[in-house]
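In: When you get a sec, could you give me coordinates for this:
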Amino acid sequence: RIDYGEEEIQFPFPLSSLYPSVLPLIPLHHYTLLSFFSKHCKNVYGLNGEETMYVWKEYEQIISDKIDNNG
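Out: Numbers count the residues shown, from 1 in each chain. Below you'll find the predicted structure:
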């Protein structure tokens with residue numbers, strides 16, 4: 001979920017105590033989220049490493065486009 005008014009992004013996968021689920025609205029490549037995303041994809045969807053990387057690249061591109069274009 002992207003909240004442009006509050007300038008926050010809420011992730012649909014669990015993060016550690018170092019990263020809250022809601023972070024400032026900046027491009028995803030500035031965050032180290034791949035390990036959290038990978039664990040989520042393996043545990044919830046049973047994806048392997050290659051599948052997870054494919055999904056991450058797609059997810060990152062979609063979210064980055066939404067951030068850049070305000071929706």
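
In: burial of the residue nearest to Glu8 when sequence neighbours are not counted, as a residue count?
Out: Spatial nearest neighbour of Glu8, chain neighbours left out: Val22 (5.0 Å); criterion: Cβ to Cβ, 6 or more residues apart in numbering. Yep, even glycine has a C-beta here, placed from its N, CA and C like the rest. Applying other Cβ atoms under 10 Å, we find 14 residues neighbouring Val22.

In: Quick check: Val22 touching Ile9?
Out: Yes: taking contacts as Cβ atoms under 8 Å, Val22 lies within contact range of Ile9: 7.1 Å.

In: Now do the spatially most central residue of the chain, the pLDDT please.
Out: Taking Cα atoms, centre = their mean, the centroid of the chain lies closest to Phe11, which sits 5.5 Å from it. What the model reports as pLDDT for Phe11 is 78.

In: go on, Val22?
Out: Value listed for Val22 in the pLDDT field: 71.

In: Enumerate every residue touching it.
Out: Contact partners of Val22, counting by Cβ atoms under 8 Å, 6 or more residues apart in numbering, are Glu8, Ile9, Gln10, Phe11.

In: Low-confidence stretches in the protein?
Out: Applying pLDDT under 70 to the chain flags residues 16-20, 23-24, 26-32, 71.

In: Show me the strands in it, by range?
Out: Ranges of strands within the chain are 2-3, 8-10, 22-24, based on DSSP state E.

In: Please name whichever of the ones you listed is nearest to Tyr54.
Out: Judged by Cβ to Cβ, the one of the strands of the chain that comes nearest to Tyr54 is strand 8-10, at 21.3 Å.

In: got the buried residues for the closest one?
Out: Buried residues in strand 8-10, counted by 16 or more other Cβ atoms under 10 Å: Ile9.

In: Please consider this matter closed, and thank you.
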